[in-house]
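Participant: Need a 3D model of the following:
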Amino acid sequence: MISVLISVQILDLDISAGIWLGKIVDFIPNILIAVIIVFTGIILGRLLGDLIKVAALRTGLLNGAYLGRIVRYLVLFVSIIIALDQLGVDIAFLKEIIEIVLAGLLFGASLAFGLGARTSVSNILGAYYAHKNHKVGKRIKLGEAEGIIIKITDHDVSLETPSGVVIIPAKEFNEKSVTIIDENGK
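Facilitator: Prediction:
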């Protein structure tokens with residue numbers, strides 16, 4: 001390309017052709033850098049994808065291969081976006097679309113987690129108040145269960161009853177009334 005540009009100038013050809021060729025020559029480094037960015041993204045995506053796949057399989061995660069593939073293509077996608085930016089393509093609109101999609105995905109995941117963890121959270125809060133208001137060895141009655149508290153964990157309370165040990169979810173201590181029975185059974 002450089003030799004063509006020099007030839008155009010030496011032969012004193014049309015000046016617009018020289019300017020056009022000059023712009024192409026000036027743009028070649030950006031093209032090379034964009035190609036290097038994409039190839040680096042391909043290699044890095046494969047390495048990270050394989051690393052995540054192996055780590056997930058070693059920890060017993062069932063869908064480790066899918067997770068590795070998702071990471072591989074995500075890295076490739078990001079490298080293509082960076083390469084397009086290097087070439088001078090305006091990617092502001094694409095960035096905004098990606099931000100909206102990611103915000104929607106994160107909102108959906110947090111909503112699913114919040115709804116799924118609702119019972120666990122209420123059990124944890126119930127256990128907190130059960131620890132605060134009741135002690136091991138205290139005789140109580142909660143609903144149909146009557147017995148002595150033998151253990152209070154982060155999620156449940158164990159009562160020793162005449163028929164055996166009854167495990168009550170800790171949230172029941174917040175949702176139902178607890179009757180405390182003294183040592184004489186009154």
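Participant: going forward, measure contacts and count neighbours with C-alpha atoms only.
Facilitator: Noted.
Participant: which helices and strands does the biggest strand by length in the chain pack with?
Facilitator: Scanning the chain for the strand with the most residues, using DSSP state E, yields strand 145-152. Packing contacts for strand 145-152, counted by 3 or more C-alpha pairs under 8 Å, 6 or more residues apart in numbering; DSSP states H and E, involve helix 118-133, strand 139-142, strand 156-161.
Participant: Over the last one, what's the mean pLDDT, rounded is fine.
Facilitator: It stands for strand 156-161. For strand 156-161, the mean pLDDT works out to 91.
Participant: Any buried residues in that strand, and which?
Facilitator: Asp156, Val157, Ser158, Leu159, Glu160 (16 or more other C-alpha atoms under 10 Å).
Participant: nearest to Phe173, of the helices and strands packed on strand 145-152?
Facilitator: helix 118-133 (5.9 Å; C-alpha to C-alpha).
Participant: what does the closest one rub up against?
Facilitator: Contacts to helix 118-133, defined as C-alpha atoms under 8 Å, 6 or more residues apart in numbering, come from residues Ile152, Thr153, Asp154, His155, Asp156, Val157, Pro169, Ala170, Lys171, Glu172, Phe173, Asn174.
Participant: The residue lying closest to the second one once chain neighbours are set aside and Phe77, how far apart?
Facilitator: Right, the one you point to is Thr153. Distances taken as C-alpha to C-alpha, 6 or more residues apart in numbering place Ala127 nearest to Thr153, at 6.7 Å, with adjacent residues excluded. Distance of Ala127 to Phe77, computed by C-alpha to C-alpha, to the nearest Å: 46 Å.
Participant: which of the two has more neighbours?
Facilitator: Ala127 (25 against 16; other C-alpha atoms under 10 Å).
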